[in-house]
Structures are given as C-alpha cells and as structure tokens.
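K.L.:
pasting the sequence and the predicted model now:
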Amino acid sequence: MHVTHLSLADFRSYARVEVPLDPGVTAFVGANGQGKTNLVEAIGYLATLGSHRVSSDAPLVRMGAERAIVRAAVTQGERSQLVELELNPGRANRARINRSSQVRPRDVLGIVRTVLFAPEDLALVKGDPGERRRFLDELVTARSPRMAGVRSDYERVLRQRNTLLKSAALARRHGGRSMDMSTLDVWDQHLARAGAELLAHRLDLVTTLQPLADKAYEQLAPSGGPVALTYKGAVEGARTREELYEGLLGALAEVRKQELERGVTLVGPHRDDLVLGLGELPAKGYASHGESWSYALALRLASYDLLRGEGNEPVLVLDDVFAELDARRRERLAELVAPAEQVLVTAAVDEDVPDALAGVRYLVAEGTVERR
C-alpha cells in the first residue's frame, strides 16, 4: 500500500498544498517550523484519526479557519481509493470515501495504514502507562478497524460509569440518599463486556508482537536483549472473552467500596500497562538512553513486520527521528526500513537522511513544498 497524492486545505500551516507521492523513499527537508512534520502528521491522522503531536483537533486547523480538509489517494495492488476527512473542532468531523456520500470517520480506518517513528517514541519506554496503552490500541485498530467502535463503546461506558460513581461519592460525603446498586451493576456488565473484547485483542497482540520485537531489538542492538512484553492488568490468567468478562466483573466487585469512596473506576483496560523487560530487568528505570531508543525503535519495527505479515504493508513514517540517533543506530534503522513499499522521512538538513534512504526530495519552506 502507498499514498499517491496528499491534498491539504487549512491544515496546520497550509492554506492549501498538493503533494504527489511515489512508492519508495520520499524525504521532506526543511528547517524547523516550516511545516514538514505537518505533512506526515496529516497522513497519520487518516490512519488513526488522531495526531501523534496533540490530543485534540483544534491545533490542526489553520489559524482563522473554521475547518481543515485532509485528502489522500491511496493505492493497494490494483485498487485505488480516495479518502477524505473534514476536521471540525467542537463539532462532528466528516468523512468521504471515493467522493461518495458521507460515512462515519471511523469507516476510513484501514484504508491508510502507517507505522510512525518519532522523537516522542522514547515515551513508549520511559513514559507513563497511557503511552503504552495508546500504542497497543492503535495497533489493535490497525489490525482490525472495527475495534475503533469497541474502543469508543468502552470509553463511553467508562465516562457514564464514572459520572455515576462521582455522584454517588458526593452524595455519601454530604449525607444524601445512597445509590441504587442495581444501576451500577448494569454499568459493570456493559464495561466488562466492552473491556473483555478490548483485552482479548490486546493480549493476542502482545503474544504476536513479542517475538517480532525481540528480533527487531537484536537487529538494532545485537549485543543487547532479550526483550520481554508482559501485559499487566486486573485480570490474570484469563484468555477467552467470557473468562475476561467474568474476570473484569469480579475485579470490579472487589474494588466497589473504594470506587464509591473515590468516585472513579479503578480497574479495567484504561488502568492496565504493558511492562517492557530488557534482559532480567524492566526497561523503564533501568535501560540506558541508547537502549531505550533501541527498544522504542524495535516496537515500531515489530509493528511494521506484523502488519506487513498480515497482508497490508503500511506506510513507514520517520518524523525527524534520525537527528535523535547515533550514527550506528541511524544507519541500521535506515537499512532495515529501506525495502518498504513507501517510506516518508522528515529531516532538517539533507545530511540527516542516511544514504540508504536515497530517493525523492522535497524542500519545505515558508508554506511551500517543492520537488527537487
């Protein structure tokens, strides 16, 4: 799969820009602040319905504009599609496929698949559990786009359950009427059902990703490792959806008293973590800076190998990552990603792009994108 054309209107710094793209390597080169990352961010948004840089859509819309348009032509084998997203901060976003009638934004998931390497990836190893949960869930959705709906259902139920718990906690503190527990029982069941589905996919992903991550780390750092991926949550030992459902219900029952006191849901996929092991120790807190970088890169390489092995090779995006790496890791990463169907690179100067990634160059400056 590769993107053949990117069109932006009022996205970030661009009033309008049209960028033809070829298979192979394309590098966007320009000084910081000129808009090169905005281009690959737009492609990533089509793949995940989110940005790797910000948590909301508002910063993605150009100052003074009401909305932004991201449109891309995508080719996979003999099939070509045109996918479009309209970003409307504060209102519902809109989507089109092949200029047809509107579809839900999540219906575009799976048309574009990306694996992104970025300086922010270091947070996968050194950051809080939310970074690793997001990594898992984006990859789960890339493998199975319908999981976007499951994730949305879980988040909706979680919000409603938290609202109920908060109201109950406030009532208890002020001597009000106690809550009807049957209402909370119903929300427990909804949360456990959606949570079990999400957990089942996360657990399968971790099992599948483990050998790929270990292999990738060895390729990047032959003298290091091995790596170990361990899913840590409230439900231990369960694998089937029904076992996970029953396990989540039991875990919720165990902490109900604390939840009623604190007014928040204390167990579930939103509280779990992916523990990254390196050798005999956890990577977080023990891995050196270089080891942490190698680990983060290995997770991205493993993601790429997984998606490619399942029949839909993703676009590889390397956003200003080479400037963060030492010479050895830079060259090794470049060699490993060069054979991909499409690689998009951003860099401040030509020298930051390794020779192994020779290809098309675009100069990005003052809102223009010109092919050299």
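P.N.:
Received, thanks.

K.L.:
so how far is residue 254 from the spatially most central residue of the chain?
P.N.:
The centroid of the chain falls nearest to residue 138 when counting by Cα atoms, centre = their mean (3.9 Å). Distance, residue 138 to residue 254, using Cβ to Cβ, to the nearest Å: 30 Å. From N, CA and C alone the C-beta is placed, and that goes for glycine too.

K.L.:
just for the protein, where's the confidence low?
P.N.:
By pLDDT under 70, the low-scoring segments of the chain are 101, 175-180.

K.L.:
show me where it has its strands.
P.N.:
Assigned by DSSP state E, the strands in the chain fall at 2-11, 14-20, 24-29, 68-76, 79-87, 94-97, 114-117, 227-232, 273-278, 281-282, 315-319, 342-347, 360-365, 368-371.

K.L.:
of these, which is nearest residue 203?
P.N.:
strand 227-232 (5.9 Å; Cβ to Cβ).

K.L.:
just want the angle from that closest one to strand 273-278.
P.N.:
Relative orientation of strand 227-232 versus strand 273-278 (axes from the mean of the first three to the mean of the last three Cα atoms, to 10 degrees): 160 degrees.

K.L.:
strand 227-232 pairs with which strands?
P.N.:
Counting by DSSP bridges, the strands paired with strand 227-232 are strand 273-278 (antiparallel).

K.L.:
what sits up against the strand it pairs with?
P.N.:
Strand 273-278 has contacts (Cβ atoms under 8 Å, 6 or more residues apart in numbering) with 124-125, 129, 132-133, 135-136, 206, 224-233, 282-284, 286-287, 291, 295.

K.L.:
verify the contact between residue 73 and residue 81 for me.
P.N.:
Yes. Taking contacts as Cβ atoms under 8 Å, residue 73 lies within contact range of residue 81: 7.4 Å.

K.L.:
tell me the contacts of the nearest residue to residue 281 once chain neighbours are set aside?
P.N.:
Of all residues not flanking residue 281 in the chain, residue 287 sits nearest, at 7.9 Å (Cβ to Cβ, 6 or more residues apart in numbering). If a contact means Cβ under 8 Å, 6+ apart, then residue 287 has 125, 278, 281, 295 as its contacts.

K.L.:
end-to-end on stretch 328-345?
P.N.:
18 Å (Cα to Cα, to the nearest Å).

K.L.:
then stretch 168-185?
P.N.:
Stretch 168-185 has its terminal residues 14 Å apart, counting by Cα to Cα.

K.L.:
check stretch 47-54 too.
P.N.:
End-to-end distance for stretch 47-54, by Cα to Cα: 15 Å.

K.L.:
give me the contacts around that stretch.
P.N.:
Residues from elsewhere that reach stretch 47-54 (Cβ under 8 Å, 6+ apart): 37, 41, 44-45, 57, 59-60, 85, 105-106, 108-109, 112-114, 116, 118, 120, 138, 141-142, 148, 314-315, 319.

K.L.:
before we move on, back to that, just among the contacts of residue 287, which is most surrounded?
P.N.:
residue 295 (28 neighbours; other Cβ atoms under 10 Å).
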